[in-house]
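Trainee: here's a sequence, model it:
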Amino acid sequence: MVNPGGPIDLRSDTVTKPTAAMRRAMAEAEVGDDVFGDDPTVKRLEARTAELLGKEAAVFVPSGTMANQIAVSIHTRPGDELLCGSTAHVYVWEAGGIARLSGVTARTFAGDGGLFTVDDVRSAVRPDDAHYARTRLVCLEITHNRGGGRIQPIDQVGAVSRWAREHNLAMHLDGARLWNAVVATGRPAAEWGRLFDTVSVCFSKGLGAPVGSALAGSASLIAQARRVRKLLGGGMRQAGVIAAGALHALDHHIERLSDDHEHARILADAFTGAFGFTLESGPVESNLVWVVVDPALGSAAEVATYLRSHGVLVSVLGPQVIRACTHLDVDRDQIERAARVIREIEPAMVSAMSLVY
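Mentor: Numbering: from 1, shown residues only. Coordinates of the predicted model:
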């Protein structure tokens, strides 16, 4: 739902509004009490998601954070340890949930921008000794948000998966933006899904639904997941209203993610062609553009203030780091307009704006 007269909002792909067609689908959704298992639209969404990911079952939840935390809970017990990237969402941006909710510690790997290979983790499994936490779970994130939206090559993921299973470790994929990886690589979601015991996916990021994520896995794991969802307060009643938005997104908003990827490359070119910016994680692979601001230009906050004054919104995610995220509510004309603003930035402009504010 593009708003050509308003600001160009590149803060996140979570800022999208439901399209008119999605709103109609939501308004007309057949509903029931999902806690009783009576909501037919939720059932259709769960079955569709499981099928896409090559899994036996799925459970609909309010958020990606809840989906990830449920996965940690069903794969571990208090005192266990999981392995993940040092910039993984499940570790950095979920309010310490792995420790607080599941009593689990994390052993992290810097890897390559948060992407780690089997060579990074070969010696990571703790010995079978009462002095150590039990290593139980490996978590990967695709696309990797803090890694610049990069996509772990599927052969590397396969190697990690084989290694994990050889060591009796469970595998969980934080696939909040897995749909972007599917479109960028041409690899079906089920091809990624088979490498993991559980997969979380989000409908309210690149796909533009207003609410919701899902966790998929075997029937027995998802039965456990439903118990944990209830424990966390994630049981919903007539949730078919929001599930219909997610179903509409699956039907209509996946293939168009290629537009977002192209738009992100336009923004990346604008940043690298302007004074004082470098891409933090190399070439853009999906819809995220992470940029380091040269102190000679100003701070990230000052640059964001200048951009906001010219109708472009970005996220400040570090003293010298900003992120721009493309999505379905920003069209090509708006992206090109934002790129022009970026290219015209000069140190004196940013400095002057900081004095105003």
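Trainee: which stretches of the chain form strands?
Mentor: Remark: strands assigned in the chain by DSSP state E are 8-9, 57-61, 80-85, 105-109, 134-141, 170-175, 198-202, 213-217, 277-279, 288-293, 312-313, 315-318, 321-325.
Trainee: give the other helices and strands that the third one contacts.
Mentor: What it means is strand 80-85. Contact here means 3 or more CB pairs under 8 Å, 6 or more residues apart in numbering; DSSP states H and E; on that basis strand 80-85 packs against helix 89-92, strand 105-109, strand 134-141. C-betas here are computed from N, CA, C, even on glycine.
Trainee: avg pLDDT for the second one?
Mentor: Which is strand 105-109. Mean pLDDT, strand 105-109: 95.
Trainee: what comes into contact with it?
Mentor: With CB atoms under 8 Å, 6 or more residues apart in numbering as the test, strand 105-109 has contacts from 80-86, 88, 91, 98-99, 116, 120-121, 124, 133, 135.
Trainee: out of those, which are buried?
Mentor: 80-85, 88, 91, 98, 116, 120-121, 124, 135 (16 or more other CB atoms under 10 Å).
Trainee: in CSV, list these along with pLDDT.
Mentor: Putting the buried ones among the contacts of strand 105-109 into CSV (pLDDT from 0 to 100) gives the following:
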residue, pLDDT
Asp80, 97
Glu81, 97
Leu82, 98
Leu83, 97
Cys84, 96
Gly85, 95
Ala88, 97
Tyr91, 97
Ile98, 98
Phe116, 89
Asp120, 90
Val121, 89
Ala124, 87
Thr135, 96
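Trainee: any chance of these in TSV, with distance to Ile266 too?
Mentor: TSV is the format used below for the buried ones among the contacts of strand 105-109 (distance: CB to CB, whole Å):
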residue	distance to Ile266
Asp80	44
Glu81	42
Leu82	37
Leu83	36
Cys84	32
Gly85	28
Ala88	28
Tyr91	31
Ile98	37
Phe116	30
Asp120	33
Val121	36
Ala124	39
Thr135	43
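Trainee: nearest to Arg265 among those residues?
Mentor: Lowest distance from Arg265 to the buried ones among the contacts of strand 105-109 (CB to CB) belongs to Gly85, with 24.0 Å.
Trainee: my guess is the closest one contacts Gly147. True?
Mentor: Yes - counting by CB atoms under 8 Å, Gly85 does reach Gly147; the two are 7.4 Å apart.
Trainee: overlap in contacts, the two.
Mentor: 114-115, 141.
Trainee: give me the pLDDT for the residue nearest the centre of the chain.
Mentor: In the chain, the residue lying closest to the centroid (CA atoms, centre = their mean) is Ala176, at 3.5 Å. At Ala176, the pLDDT value in this model is 98.
Trainee: grab the nearest non-local neighbour of it.
Mentor: Cys202 (4.1 Å; CB to CB, 6 or more residues apart in numbering).
Trainee: do the same with Pro347
Mentor: In space, Pro347 is closest to Leu297, 5.3 Å off (CB to CB, 6+ apart).
Trainee: same question, Cys139
Mentor: Cys139 sits nearest to Cys84 (CB to CB, 6+ apart), 4.1 Å away.
Trainee: just checking, the one you found touches Val90?
Mentor: Yes - counting by CB under 8 Å, Val90 is a contact partner of Cys84 at 6.1 Å.
Trainee: overlap of the contact sets of the two?
Mentor: Contacts common to Cys84 and Val90, judged by CB under 8 Å, 6+ apart, are 139, 141.
Trainee: which residue ranges form the helices in the stretch 151-300 of the chain?
Mentor: 154-166, 178-185, 189-193, 219-231, 240-252, 257-272, 300-309 (DSSP state H, counting those that start in this stretch).
Trainee: closest one to Ala71 among these?
Mentor: Between those, helix 219-231 lies closest to Ala71; by CB to CB that is 7.5 Å.
Trainee: tilt between the closest one and strand 57-61?
Mentor: Orientation check (axes from the mean of the first three to the mean of the last three CA atoms, to 10 degrees): helix 219-231 against strand 57-61 gives 10 degrees.
Trainee: mind giving me the packing neighbours of helix 219-231?
Mentor: strand 57-61, helix 64-75, strand 213-217.
Trainee: quickly list the domain ranges of the protein.
Mentor: 8-15+256-356, 31-252 (automatic domain parsing).
Trainee: quick one on the thing from earlier: export the helices of the stretch 151-300 of the chain to TSV and tack on mean neighbour count and distance to Thr326?
Mentor: TSV is the format used below for these (neighbours: other CB atoms under 10 Å; distance: least, CB to CB, whole Å):
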stretch	mean neighbour count	distance to Thr326
helix 154-166	16	23
helix 178-185	23	10
helix 189-193	20	21
helix 219-231	17	31
helix 240-252	24	16
helix 257-272	20	4
helix 300-309	19	15
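Trainee: and Arg340, which of these is closest to it?
Mentor: helix 257-272 (7.7 Å).
Trainee: so, low pLDDT: which residues of the chain?
Mentor: 1-5, 348-349, 352-357 (pLDDT under 70).
Trainee: rerun at 80
Mentor: The model of the chain has pLDDT under 80 over residues 1-5, 347-357.
Trainee: now Arg323. Nearest residue, chain neighbours left out?
Mentor: Ser315 (4.6 Å).
Trainee: so who does the one you found touch?
Mentor: Ser315 is in contact with 10-12, 304, 322-325, counting by CB under 8 Å, 6+ apart.
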